[in-house]
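Asks: requesting a structural model of the entry that follows:
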Amino acid sequence: MSDTILALLGFATVIAVIVLLLRNVTVPALAFVSVSTITAAILVATGAFTLDEMAGFIKEGVKGVHGTAVLFIFSVLFFGVMTDAGMFDKIIGALMKKVGNNVVGVALMTCLIAIIGHLDGGGASTFLITIPAMLPVYKRLHMRRETLLLICVTAMGVMNLMPWGGPTMRAASVIEMEPNDLWFQLMPMQIVGLVLAVGTAIFWGLQEKKRIAKLGDSIVAEDAGKYDDSDDGKKDETLARPQNFIFNVILTLAVIIVLVLDIFPSYYVFMVGCALGILVNYRGKKLHNSIIKSHASAGLSMASTILCAGVFLGVLSKSGIMEKMAVVMASFIPASMGRFLPVIIGILSVPLALLFDTDSYFYGLLPVLVSVGNQFGVNPAHIAIAMVVCRNCATFISPVAPATYLGIGLAGVEIKDHIKYCFGWQWGVSIVCLVAGLILGVIHF
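Replies: Residues are numbered from 1 along each chain as shown. Modelled structure (predicted):
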């Protein structure tokens, strides 16, 4: 099978998964594993890969995401225990006194927490810091959870440009440049992005305020059954442990600090946090089992999705098919448009984020585009900057990014709703950043 045919099969696979997700044909886990299995069968049947090779690719793909899956299970359990114990009730009560019914203030607070939380460049840790803290406020004010995610992913996309962030480091390594040097060049675009992140919070806060005022009492009926919560919305008050509030706050802060310091694997941090949280707040094996089972549904359903996404990534990414997809895409760029390559790739980066995982995007697509750009005298750094800045806007709405599933799982939002709600806005933000880069001279022809 030729490289072109392999690339076309890869495109067909990705598009099939996205269509199944957006049209709500089945749950994401089944979409990933079924489409990936069909593709794998075609690849083996046509002799492109042996059965053993394909099994190895799938194993590597699942291995790459299993940590995120385990992280999700224990993070859901940890925050579930803290919620049962009543820790968030007091914190949210204090927040509500500060912001009252100020919906715009809540949106801005979300943006600020996400910006600070993403200083470590970790998408999973930022979601774990921001969403559990803000979700109860959004529920109480009847703000859409899609808005919570939109504000989060906008701020995270901007902060992910830091030199220790994965995308910047990957791009710098490809063009053989120090990450700090690349970051200094793109910093003006990051500043514009931070302004846009704050603007996003204000704009969507105002939109939520108008929506809440317009719907009035009927907003409760609109929200009912809309989100995928792990419980029925009724809290067992007998599980509240107000006397342990200080301990629970200290434990939660300790978990977050260790996550940010990146001393231990994230999932291990939450395992220890769960053990301490359950043992200190509750007594008896029977109650421990009951609490774990009450949060098992949400944790396992999303973990299964992440693991099945690993199968998808194994079949396409570990096999090298995504790199072949990149080569085919680059071949369609007309010679006359060669010098405009940074602008072209910047405009297309958000849609491409839905097709390529981070490694394939930077290690597969970027080298090919740099080679094409060299033929027209295009500075490789300008291509890298356009790809890093614009692609980051869509990193956490991409169905091939494991952290995306952590975010939507914590918020109780379906992947199709997350993509539909965020895609157009994130694409617009990326184009504004690109235009700013052109105006400020960060990128030029």
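Asks: low-confidence ranges in the stretch 101-250 of the chain?
Replies: Residues of the stretch 101-250 of the chain that meet the criterion pLDDT under 70 lie in 120, 217, 219-236.
Asks: helices of that one, start to end?
Replies: 103-117, 123-141, 145-159, 166-174, 179-215, 219-223, 245-261 (DSSP state H, counting those that start in this stretch).
Asks: helix 123-141 and the third one, what's the angle between them?
Replies: Taking axes from the mean of the first three to the mean of the last three Cα atoms, to 10 degrees, one finds that helix 145-159 is oriented at 150 degrees with respect to helix 123-141.
Asks: tally of neighbours for the nearest residue to residue 170 once chain neighbours are set aside?
Replies: Once flanking residues are discounted, residue 170 sits nearest to residue 362: 3.8 Å by Cβ to Cβ, 6 or more residues apart in numbering. For every residue, glycine as well, the C-beta is placed using N, CA and C. When neighbours are defined as other Cβ atoms under 10 Å, residue 362 has 24 of them.
Asks: measure residue 287 to residue 85 for me?
Replies: Separation of residue 287 from residue 85 (Cβ to Cβ, to the nearest Å): 12 Å.
Asks: so for these two, which sits in the more crowded spot?
Replies: residue 85 (25 against 14).
Asks: that one and residue 241, how far apart?
Replies: 4 Å.
Asks: so what sits against both of those two?
Replies: When contacts are counted by Cβ atoms under 8 Å, 6 or more residues apart in numbering, residue 85 and residue 241 have 248, 281 as shared neighbours.
Asks: from the centre of the protein, point out the most distant residue.
Replies: residue 284 (37.2 Å; Cα atoms, centre = their mean).
Asks: give the contact list for it.
Replies: For residue 284, the contact set (Cβ under 8 Å, 6+ apart) is empty.
Asks: pLDDT at it, what is it?
Replies: Looking at residue 284, its pLDDT is 89.
Asks: any figure for the gap between it and residue 291?
Replies: 10 Å.
Asks: if we can go back for a sec, look up phi and psi at the residue farthest from the centre of the chain.
Replies: Torsion angles at residue 284 (phi, psi; degrees, to the nearest 10) stand at phi 100, psi 140.
Asks: next, the angle from the helix or strand containing residue 343 to helix 145-159.
Replies: For residue 343, the element it lies in under DSSP states H and E is helix 341-353. Here helix 341-353 runs at an angle of 140 degrees relative to helix 145-159 (the same axes, to 10 degrees).
Asks: could you measure from the closest residue to residue 201 other than its chain neighbours over to residue 158?
Replies: Nearest non-adjacent residue to residue 201, counting by Cβ to Cβ, 6+ apart: residue 111, 3.8 Å away. Residue 111 sits 10 Å away from residue 158, going by Cβ to Cβ.
Asks: which of the two has more neighbours?
Replies: Neighbour tally, residue 111 and residue 158, criterion other Cβ under 10 Å: the higher count belongs to residue 158, 29 against 25.
Asks: how close does the more buried one get to residue 373?
Replies: In terms of Cβ to Cβ, residue 158 sits 25 Å off from residue 373.
Asks: next one: residue 420
Replies: 33 Å.
Asks: of these two, which one has the most company?
Replies: residue 373 (22 against 13).
Asks: okay, and that one sits in which element?
Replies: helix 366-374.
Asks: which one of the helices of the stretch 101-250 of the chain lies nearest to residue 8?
Replies: Closest to residue 8 of the helices of the stretch 101-250 of the chain, according to Cβ to Cβ: helix 166-174, at 25.0 Å.
Asks: put the alpha carbons of that closest one into PDB.
Replies: Provided in PDB are the C-alpha atoms of helix 166-174 (Å, rounded to 0.1, in the frame of the first residue of the first chain):
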ATOM      1  CA  GLY A 166       4.900  20.700  25.300                       C
ATOM      2  CA  PRO A 167       4.100  22.400  21.900                       C
ATOM      3  CA  THR A 168       6.800  25.100  22.200                       C
ATOM      4  CA  MET A 169       9.400  22.500  23.200                       C
ATOM      5  CA  ARG A 170       8.400  20.200  20.400                       C
ATOM      6  CA  ALA A 171       8.500  23.000  17.800                       C
ATOM      7  CA  ALA A 172      11.800  24.300  19.100                       C
ATOM      8  CA  SER A 173      13.400  20.900  18.900                       C
ATOM      9  CA  VAL A 174      12.300  20.400  15.300                       C
END
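Asks: which residues are in contact with residue 438?
Replies: Residue 438 touches 343, 444, counting by Cβ under 8 Å, 6+ apart.
Asks: could you check the angle helix 179-215 makes with the helix or strand it falls within?
Replies: Element membership of residue 438, judged by DSSP H and E, is helix 415-439. With the same axes, to 10 degrees as the basis, helix 415-439 and helix 179-215 are set at 130 degrees to each other.
Asks: report the rounded mean pLDDT for helix 415-439.
Replies: 93.
Asks: same question, stretch 338-347
Replies: On average, stretch 338-347 scores 87.
Asks: run the chain-centre distance for it.
Replies: 25 Å (Cα atoms, centre = their mean, to the nearest Å).
Asks: for that stretch, C-alpha coordinates in PDB please.
Replies: Output of stretch 338-347 as PDB, limited to C-alpha atoms (Å, rounded to 0.1, in the frame of the first residue of the first chain):
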ATOM      1  CA  GLY A 338       5.000  29.100  -0.700                       C
ATOM      2  CA  ARG A 339       6.100  32.300   0.900                       C
ATOM      3  CA  PHE A 340       2.700  32.700   2.600                       C
ATOM      4  CA  LEU A 341       3.200  29.300   4.200                       C
ATOM      5  CA  PRO A 342       3.100  30.600   7.800                       C
ATOM      6  CA  VAL A 343      -0.200  32.300   7.200                       C
ATOM      7  CA  ILE A 344      -1.700  29.300   5.500                       C
ATOM      8  CA  ILE A 345      -0.800  26.900   8.200                       C
ATOM      9  CA  GLY A 346      -1.800  29.400  10.900                       C
ATOM     10  CA  ILE A 347      -5.300  29.700   9.400                       C
END
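Asks: buried sites along it?
Replies: 338, 340, 341, 342, 343, 344, 345, 346, 347 (16 or more other Cβ atoms under 10 Å).
Asks: if we can go back for a sec, any idea how far residue 84 is from the residue nearest to residue 170?
Replies: Taken as Cβ to Cβ, the span from residue 362 to residue 84 is 42 Å.
Asks: same thing with residue 62?
Replies: Taken as Cβ to Cβ, the span from residue 62 to residue 84 is 31 Å.
Asks: over to residue 336?
Replies: 63 Å.
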